[in-house]
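Asker: Starting from these lines, generate the structure:
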Amino acid sequence: MAFASYTPCRLCPRQCATDRLGGSPGVCGETAELRIASWGPHLGEEPCFTGTRGSGAIFFSGCACHCFFCQNWQISNARGKGRIVSPDEFHRLARGLIDSGVHNLNFVTPDHFWPHIEQLCARLRDESVQIPFLFNSSGYQLPAMISRYAALMDIFLPDFKFADPLLARTVMRDERYPEIALEALRLMVAEKGFLEPFDPAGTLPARQGVLVRHLVLPGQIENTLRVLDLLREEFGRWLPLSLMSQYTPVSAAQTRPPFDRPLSSDEYQTALDHAQDLGFENLLIQPLDATDDFLPDFDRDKPFTGNP
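Answerer: Okay, the predicted model is just below:
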């Protein structure tokens, strides 16, 4: 019964109603067999989450978004990448991360495997595990699922990718993204509030709340300005916000101008200036000349060269 939600599957906004429990892959590309691409202490998140010992990141295979520029494209847009893991193995690897001293368990792209994650987190809480559980997502979440997530998750780390419906349709084939992501974010904030503590130095890792990410895209600065305006209007200046400059053109984006080039310094500066003009108080910025230590290659045993 714990996995009954896989058939028919309506876990994400695509509502594909596939019988994943019967072995058919959903729009996410996955059946009900839990598939994990990578796990380990991770230093590639914001300092609020990595602290000094890293975030216990678990990267799941598959995704309902299928953005063609995804930096995790090897696992988000290709079927069969990753390792099938039983519920007991899932528990053992999670306990291993906890025992290593990570500051949180970080479930990356978790919504399409939520029944497995829900079972695991309930079991860990029954075992008196106290570290925060972090829901690290695309923002493309079914609003009706948020309360179910919030019953076990302490931190929400959603993207807010698009305010422009036409851009959302071009990139991920769903022009509803802005309205879906905004409603989901409202519910996340209502459930958990803003991230606390908010410590950009990472000395005090976050325990609870919401931080929103936005990746500035090349040639799409108007989308970013609209995202910032929307977030400021809806949530005010204290919304914790990570404004990311790390866009890198992966293979599927290299034939799709303007996504075939990196972000320019002028584009990022325009975005940063607008965020500051709007008065965002809890704003994380990312150097444009950051290294590619955290651009993953999931063909390697250790996908991120920046992790120890």
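Asker: Spatially central residue in the protein, please.
Answerer: The chain has residue 137 as the residue nearest its centroid, 2.6 Å off, counting by CA atoms, centre = their mean.
Asker: Test my guess that that residue contacts residue 157.
Answerer: Yes - with contact defined as CB atoms under 8 Å, residue 137 reaches residue 157; the gap is 7.0 Å. In this view, the C-beta of every residue, glycine as well, is placed from N, C-alpha and C.
Asker: Secondary structure class of the nearest residue to the residue nearest to the centre of the chain once chain neighbours are set aside, three-state.
Answerer: Taking CB to CB, 6 or more residues apart in numbering as the measure, residue 137 lies nearest to residue 158, with 5.1 Å between them; neighbours along the chain are not counted. For residue 158, the secondary structure call by DSSP: H, G, I helix; E, B strand; the rest coil comes out as strand.
Asker: Can you give me the pLDDT of residue 158?
Answerer: Reading off the per-residue confidence, residue 158 sits at a pLDDT of 98.
Asker: again, but for residue 291
Answerer: 68.
Asker: ok so, going back, neighbours of the residue nearest to residue 137, how many?
Answerer: The local packing of residue 158 (other CB atoms under 10 Å) involves 20 other residues.
Asker: is it true that it touches residue 210?
Answerer: Yes - counting by CB under 8 Å, residue 158 sits close enough to residue 210 to count as a contact (7.4 Å).
Asker: Between those two, which contacts overlap?
Answerer: Any residue near both residue 158 and residue 210 by CB atoms under 8 Å, 6 or more residues apart in numbering counts here, and that gives 185, 188.
Asker: Quick check: buried residues in the helix or strand of the chain with the lowest mean pLDDT?
Answerer: Across the helices and strands of the chain, mean pLDDT, DSSP states H and E gives its lowest value to helix 73-76, namely a mean of 93. Buried residues in helix 73-76, counting neighbours by 16 or more other CB atoms under 10 Å, are found at 73-76.
Asker: Can you pull the phi and psi angles for the residue nearest to residue 293 when sequence neighbours are not counted?
Answerer: Ranked by CB to CB, 6+ apart and with sequence neighbours excluded, the top spatial neighbour of residue 293 is residue 306, at 2.9 Å. With angles defined as degrees, to the nearest 10, residue 306 sits at phi -80, psi -10.
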